[in-house]
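Q: Mind folding the following:
(chains A, B, C and D, ligands or ions: 4)
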Amino acid sequence: MTDRVVEQDSPQVVVPGRVAPPRGRRVWVARLRDFSLIPVIGLLLLVGFIVSPNFLTAGNLTDVLQQCTELSLLVLGEAMILIAGRMDLSLESTVGVAPVLAAWLVIPAHGGRFAGLGVLPTWSTVPLCLLIGALIGLINGLVATKIRINAFIWTLGMLIALRGLQLGISGGASIFEVPASLRYLGHTAWFGQPASLWVCGLIFLVGIVTLGWFRHGRSLYAIGGNAEAARTAGIRTDRVLLIVFMLASTLAALGGILYVGHYGSISATQGQGWIFQVFAAAVIGGVSLNGGRGSLFGALTGVVALQLIINVLTFAHVPPAWDQMVDGVIILMALVVSRFTSGEAQD
Amino acid sequence: MTDRVVEQDSPQVVVPGRVAPPRGRRVWVARLRDFSLIPVIGLLLLVGFIVSPNFLTAGNLTDVLQQCTELSLLVLGEAMILIAGRMDLSLESTVGVAPVLAAWLVIPAHGGRFAGLGVLPTWSTVPLCLLIGALIGLINGLVATKIRINAFIWTLGMLIALRGLQLGISGGASIFEVPASLRYLGHTAWFGQPASLWVCGLIFLVGIVTLGWFRHGRSLYAIGGNAEAARTAGIRTDRVLLIVFMLASTLAALGGILYVGHYGSISATQGQGWIFQVFAAAVIGGVSLNGGRGSLFGALTGVVALQLIINVLTFAHVPPAWDQMVDGVIILMALVVSRFTSGEAQD
Amino acid sequence: NRGSSSGSSAASGGTGGGGGKVGIDQPRSDSDFWNSYSKYIESGISSTGIDALPRTNSQNQITQLAANVKSLVAQGAKAIIMAPQDTAAVATTLDELAGKNIPAISVDTRPDNGKVYMVVRADNKAYGQKACKFLGDKLQNKGTIVEFEGDLASINGRDRSEAFGDCMKQNYPGIKVLAEETQWKGDVASAKLQNDLNQGPVNGIYMQAGGVFLAPTIALLQQKNLLVPPTDPKHIFIVSNDGIPQEFAAIKAGQIDATVSQPADLYAKYALFYAKAALAGQKFNPGPTDHQSNIITIPNGLEDQLPAPLVTKDNVDDSSLWGNQVGK
Amino acid sequence: MSADDITPVASATGVTKRFGATVALDDVGLTVLPAESHALVGRNGAGKSTLVSVLTGLIRPDAGTVRFAGEPAPPVTDRAAWRSRVACVYQKSTIIPTLSVAENLYLNRQDTVGDTRGRISWKAVHENAARLLGNWSIDVDPKVEAGRLTVEQRQTLEIARALSFGARFVILDEPTAQLDGAGIARLFERLRALQAGGVAFLFISHHLQEIYEICQTVTVYRDAKHVLTAPVAGLRREALIEAMTGDATGLRELGEHAGAVPAGAAELLRVEHLTGTSEFADVSLTVRAGEIVGVAGAVGAGAVALGETVVGLRKPLSGTVCVAGRPVRPGSVPAALSAGVGFLPEDRHRQGLVPLRSIAENLTLTVTDRLGRFGFVSQPARYRTATALMERLDVKASGPDQPVSALSGGNQQKVMMGRALASEPRVLVLIRPTAGVDVKSKESLLGTVEAAAAEGRAALIVSDELDDLRVADRVIVMFKGRVVAQLPRGWSDREMVAAIEGLHSEGTDSGE
Ligand SMILES: Nc1ncnc2c1ncn2[C@@H]1O[C@H](COP(=O)(O)OP(=O)(O)OP(=O)(O)O)[C@@H](O)[C@H]1O
Ligand SMILES: Nc1ncnc2c1ncn2[C@@H]1O[C@H](COP(=O)(O)OP(=O)(O)OP(=O)(O)O)[C@@H](O)[C@H]1O
Ligand SMILES: [Mg+2]
Ligand SMILES: [Mg+2]
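A: Numbering: from 1, shown residues only, chains lettered A, B, ... in the order given. Ligands and ions are numbered 1, 2, ... in the order given. Below is the predicted model of the structure:
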């Protein structure tokens, strides 16, 4: 973005009156940013506990976590894209369209309520779905890096077009007769806990480690911080961005798969409206919209905090007519708080 | 990848040795940007004419323009904010919440289906509605300039919270019994044409002249182009931004008033989902998401082009299941085209 | 049955015997219809003395519905009333409830899969058919009808569209139907109607949701001077769907001709009735009921098909219609 | 100074300004007399630009007062009043790239041009702008977007704008950093003319010879404190440098190592018939181990483009680049890096630093693959590497963890040099390595280059700063995209300037 370069002279937070704190402190502050939601989560648990005795139970907390799983994969993808200095709004449509397209290619044309093409074997549904996700990411990535259209507006267009594609193929109906393999992950349990929890946990672990300690992961921060500098330092920025877009969309497709298992069918509205939550979670989790800052751990705490807020609100019995408002106000408050804990002035 | 440095378009990347472009040509290109949709609109009119003999009639074209009016006011506001280098997503909620709040304050508590507070006289509904719009803009502006939270994420939160406020007050119902004054503008006709057309025309005229030929209007471009530099040139950037946010929200409230008159009630979903259209219209109309570039005339052609696309699609009888997809794909194509006519590489 | 379940109340689950809390989820708070429903539920709770947990709102999202049901169960609900807007994706939630022997009553929609104790809904196909018959007869099998469909993603909308379309094709082949998808949005409907009017005369309109389409349609027709009495050949016959008070007012004013009353009051009344019955362990059989409806068997349970009367100028003052009781 | 009775055009007394824990100005003062050219010098971070912000009303000092012509300064909110008293060319560009050149010239006063009532007359704006641009011999259409100007043209535009206000006091913060010799000469000519008309200047530069050329008085700041104010005429260069650095050792003469490159030294960089897209054509050169070769050229000569092509930032039309005998894939930075090229880009802000990240991360950005296996980046290894580089380059910072944006300009430039050296390259390509860096830092940076050459590396310095070129064993001079001369060590300034300006006749080409 144009003004980003201009501001590079005072990249820092030109809040007059700030200066680099002495050694050590600074690291601590940077860390603080990633952990700033931990006390908030603690507070939410406490409020929940006060509000209802049924809140602080293993069962409810597992449920809350499982409800996070699908969204968290999108947040993970979006956080990577944001750290690399771009955006992707179309993830919310990918959640729905990837499973629908995969099912359409696999389900036979006759016999069910939903007439697919049946051109591919049933076992291929899951890989197909992920592949479609990757393909969508490839398109977005190519447009962002080669044609160089602003990712925000392009992916906004993709959001509409992909949702339209899903509507067109499914006729707007939820698809119930999906191959069992598509349902497996979101449905089954491993070691007494939902498999989706294990899967997301593992993916986040890999993500956190990669972005924290591996060369390719670190390069996202360099690209988001100053793409031109990253390029002169020999980072293949376009290639990395392409891969990040593809990964994020693939994760969104995986989120779609978990959703299908979790709720039993490919819902016609699967993912619709999620992008608001995705951005809110990433930002209150400390990921900067200007790129170059944030961590996947922070993003994870963002998702969990948002889901806990909703859960606590349910237990607190906010009148139905007002709960969207309360939800919005709490997000706004979280933004203000995270503005000050991160100390980053945003333009 | 490698040719990015030499890429002509990013203004920062100035390579010594590159000679300034020949006189004249460039100016022409800049103009082109503002008028680039005119041929597209011509093409749409032609296609419409071929598709149906009823398309190119004064009646239909007036209808198309009237359907643009409410949206066009939002686009005008958004274009100003974008030119000044910010964003406001909450405009779409202001369209609904401002009339609802105004009606709530005015309509008496008893007698109708919708119980208001009735604390203010009926004549005040319209001014009140505009005032509420201005107030919302004030909040957004203050947050953007003083607390300095990224406008995108903040107004995303506001979008949710304001929509929630509307739901809470209206109970989710459309409000039918609105004061006649609230309905007047969107409903009446002046000199044989809908009043809303005259109003919007006038506002756009004022806007185009202000942004083109007045210092205060020009300062938006300076702020969007390089806020720091604008400040050194003596422009009160924060104040200007504040005013722009307030103006945009007031225009959105006015759009809400036109809507109420046009469609006869305060709809529960008034404005919902519009922000996509607003951004699409502004961007294909040549307004840069990076700030500092674009014109209100261009934005206006953007709205008209979008509405014409929808109109032509209706006349062409695209199957309902596919029209959202077709709509999305056309927007994407428009983005690609405007990327090349504007010649601006976007990051 | 899910491997993972909310364990907190599994132990306390069991065959509901006589009493217990009822959990009620409201599908959305942004429509006239559902807000009326919500009011009837409220008054129904106090008049029947049902022990209801505070209601939740799933904002038209299945994920939210699933989460709400879990929290209701965690709070000790022994019966659940819901109105799943996504009839396919609710299956797992229903399975879970079945696993805990918690009966589920589904209002307005019929879940595709998963056990339900009772579906309480009006027959959406009948809505479409009634509107079709009314319009077809009035237009005498000729002319053009614009149909405002809802959202493709809405099953009730699809049911109405299908029934209306099939009926028209079979019984009134002389009538041309322009089906317009509107995403339940008034401005979209208005714009499309405007286009259709520009393409030639329109003789009838079927709108699938009065709450959304009524005001924009009347406003547009007024602007175009098309709001004329039935005696005028330019008159457009309008059938709406919902049965809200504003539609009744419009019928009385001669602005529209009929509406199909979607019984919000009966939805609430019988949802609570069946919840109570479920807690008492009552069983129902298919067949006619004492309240002019019919219970039919569906693959995953039973469905009580409530009557949905067609309201015209002749019966618009009938005080038994729910729309006439609002605000009284 | 015997001017006690003259009212100064501007004076600052007791000015203190803190940024958090940093004291940027500590009780400093400055007095500029009418028609005086007053130099302000000091090392990077001494507080010069901060004083400029105070003097132009951009920031309010924590303590102290500013007066113009004896009157107290207006409140900081009244920008118009400030602008009527002082005009300024800021160190940071204040050109708005998306607006036309004409509008930039009359920014926020467009409606004062021509006789219009509140409305802007674009015709008048364009006409007046064309006239002004003509005066400054900036040959561009005033309607062109300013973002399309070259860096030099933009700098000239800033200067033209500042001088067009008709203010009696003008501040120029490092105006010459982006200009080539001819541009500087033009600027000085104009300054002298204005000065003769009674305009006073505050002039900031890291090029001390410029101070001697046009200033009468010099003020030195060091570590946010005022050190000295004296007439330029009586002040020896050594004394000035000592005042700036607080160190009596003075500067080492550059280019003194002068050990001739051994005849048998391996040829590490060979460029053959390299032709850029439009910037330069058919350039061939070689650099041997231990050799430093300078490439000089004015703005537009294609020297920078040549450097960027060698490191893969640009793709050439034709020609080859070989490192240690092996051809490098053209147009690929990673290929150049792995072939053993270290690179210091022209603009550290745009192409070099990742401002949010730590010094350590910036220093090791190009060598992450060496800090651990399988892409793993070992933090201890990163710290070790970074600490070693910081010591070697004498980077002043609180530690490798500090964000690089918190460093002063000179230290940031050292980090860039460290990044170029981190990969232990065989060939160093440095583009304007000492831009905006103070004299002391410049010396130490160039010293590093000499040390690297002494270790057996080859270095290519692309620059038009004579000081940079002094360390080179020979200098290749480019003009309008072609090599026009080669000067061995020992050239005189005049000779070099003439060559850079294209006055060197073909015949004097003094190759080996
Ligand atoms: N936004 C709205 N405002 C007013 N009334 C609405 C709105 N949306 C729907 N309705 C009315 O409420 C009734 C039920 O609403 P609902 O949203 O459940 O539609 P539906 O077609 O039943 O959807 P689904 O199939 O998802 O259940 C519909 O008959 C419609 O007339
Ligand atoms: N906005 C700011 N926030 C925090 N610190 C600042 C800010 N502006 C300047 N500083 C600090 O104040 C000190 C003085 O900076 P200043 O820019 O005045 O130096 P300078 O003498 O102009 O240096 P140079 O020669 O590199 O231009 C530096 O340590 C700098 O880091
Ligand atoms: Mg429904
Ligand atoms: Mg400075």
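Q: quick one: secondary structure of residue A:159?
A: helix (DSSP: H, G, I helix; E, B strand; the rest coil).
Q: err, residue D:218, not the other one
A: Using three-state DSSP as the criterion, the local structure at residue D:218 reads strand.
Q: Report the separation between it and ligand 2.
A: To ligand 2, residue D:218 is 15 Å away according to Cβ to the nearest ligand atom, to the nearest Å. To be clear about C-beta, it is placed using only N, CA and C from the backbone, and glycine gets the same treatment.
Q: number of nearby residues for that residue?
A: The burial metric for residue D:218, expressed as a neighbour count using other Cβ atoms under 10 Å in any protein chain shown, is 23.
Q: Quick check, pLDDT for it.
A: Confidence per residue is given as pLDDT, and for residue D:218 that number is 95.
Q: these two touch, right, it and residue D:36?
A: No: with contacts defined as Cβ atoms under 8 Å, residue D:218 does not count as touching residue D:36, sitting 11.0 Å away.
Q: Any regions of the stretch 301-450 of chain D where pLDDT drops low?
A: Along the stretch 301-450 of chain D, no part satisfies pLDDT under 70.
Q: what's the answer for the stretch 1-150 of chain A, then?
A: Low-confidence regions of the stretch 1-150 of chain A, defined by pLDDT under 70, span residues A:1-32.
Q: Also chain C?
A: The model of chain C has pLDDT under 70 over residues C:1-18, C:30-32, C:152-154, C:326-328.
Q: For the most centrally placed residue in it, give me its contacts.
A: The residue at the geometric middle of chain C, judged as the C-alpha nearest the mean C-alpha position with Cα atoms, centre = their mean, is residue C:108 (5.0 Å). With Cβ atoms under 8 Å, 6 or more residues apart in numbering or on different chains as the criterion, the residues that contact residue C:108 are C:27, C:83, C:120, C:121, C:156, C:267.
Q: Next: residue A:109.
A: Going by Cβ under 8 Å, 6+ apart, residue A:109 touches A:115, A:116, A:117, A:118.
Q: Show me which of the residues you listed are buried.
A: Among the contacts of residue A:109, those buried by neighbour count (16 or more other Cβ atoms under 10 Å in any protein chain shown) are residue A:116.
Q: Can you tell me which of the contacts of residue A:109 is closest to residue A:102?
A: Distance from residue A:102 was checked for each of those by Cβ to Cβ. The minimum falls on residue A:116, at 9.5 Å.
Q: Now for the residue lying closest to that closest one once chain neighbours are set aside, how many residues are close by?
A: With sequence-adjacent residues excluded and distances taken as Cβ to Cβ, 6 or more residues apart in numbering or on different chains, residue A:116 is closest to residue A:107, at 3.2 Å. Using other Cβ under 10 Å, the number of residues around residue A:107 comes to 23.
Q: need the contact list for residue 243.
A: Just so you know, I chose chain A. Here residue A:243 is in contact with residue A:141 (Cβ under 8 Å, 6+ apart).
Q: hm, I was asking about chain C
A: Residue C:243 neighbours (Cβ under 8 Å, 6+ apart): C:210, C:259, C:260, C:261, C:262, C:263, C:264, C:311, C:321, C:322, C:323.
Q: ok so, going back, quick one: the residue nearest to residue A:116 from residue C:205, how far?
A: Using Cβ to Cβ, to the nearest Å, residue A:107 is found at 37 Å from residue C:205.
Q: try residue D:371
A: Summarising the geometry, the distance separating residue D:371 from residue C:205, computed by Cβ to Cβ, is 71 Å.
Q: contacts for stretch C:42-59?
A: Residues from elsewhere that reach stretch C:42-59 (Cβ under 8 Å, 6+ apart): A:314, A:317, A:320-321, A:323-324, C:19-29, C:38, C:41, C:64-65, C:68, C:71-72, C:75-77, C:82, C:85, C:268-269, C:272-273, C:275-276.
Q: which of these count as buried?
A: Going by neighbour count (16+ other Cβ under 10 Å), the contacts of stretch C:42-59 have A:314, A:320-321, A:323-324, C:20-29, C:38, C:41, C:64-65, C:68, C:71-72, C:75-77, C:82, C:85, C:268-269, C:272-273, C:275-276 buried.
Q: Mind checking which of those land in strands?
A: The strands, defined by DSSP state E, take in C:21, C:22, C:23, C:24, C:25, C:26, C:77, C:82 from the buried ones among the contacts of stretch C:42-59.
Q: and the closest residue to ligand 1 within the stretch 251-400 of chain D, what is it in contact with?
A: When distances are taken as Cβ to the nearest ligand atom, the stretch 251-400 of chain D reaches nearest to ligand 1 at residue D:356, 45.0 Å away. Residues in contact with residue D:356, defined by Cβ under 8 Å, 6+ apart, are A:11, A:221, A:225, A:292, A:293, D:403, D:405.
Q: and what of residue C:256?
A: C:214, C:218, C:238, C:239, C:240, C:247, C:250.
Q: Setting aside sequence neighbours, what's the nearest residue to the fourth one?
A: Looking back up the chat, that one is residue C:239. residue C:131 (4.3 Å).
Q: Please look at the one you found and residue C:164 and confirm they touch.
A: Yes: here residue C:131 lies in contact with residue C:164, judged by Cβ under 8 Å, at a distance of 6.0 Å.
Q: Stretch D:222-231 close to ligand 2?
A: No: applying Cβ under 6 Å from any ligand atom, one finds stretch D:222-231 out of contact with ligand 2, separated by at least 6.9 Å.
Q: how about that stretch: buried residues?
A: D:222, D:224, D:226, D:227, D:228, D:229.
Q: hmm, the host helix or strand of residue C:265 touching chain B?
A: According to DSSP states H and E, residue C:265 maps onto helix C:264-279. No: no part of helix C:264-279 sits near chain B under the criterion Cβ under 8 Å from any Cβ of the partner chain; the closest distance found is 12.3 Å.
Q: Just checking: what are the partner strands of the helix or strand that that helix is followed by?
A: Following the chain from helix C:264-279 toward its C-terminal end, the next helix or strand by DSSP H and E is strand C:287-288. Sheet pairing of strand C:287-288 (DSSP bridges) gives strand C:294-298 (antiparallel).
Q: Quick check: closest non-adjacent residue to residue C:250.
A: residue C:256 is the one closest to residue C:250 (Cβ to Cβ, 6+ apart), at 4.6 Å.
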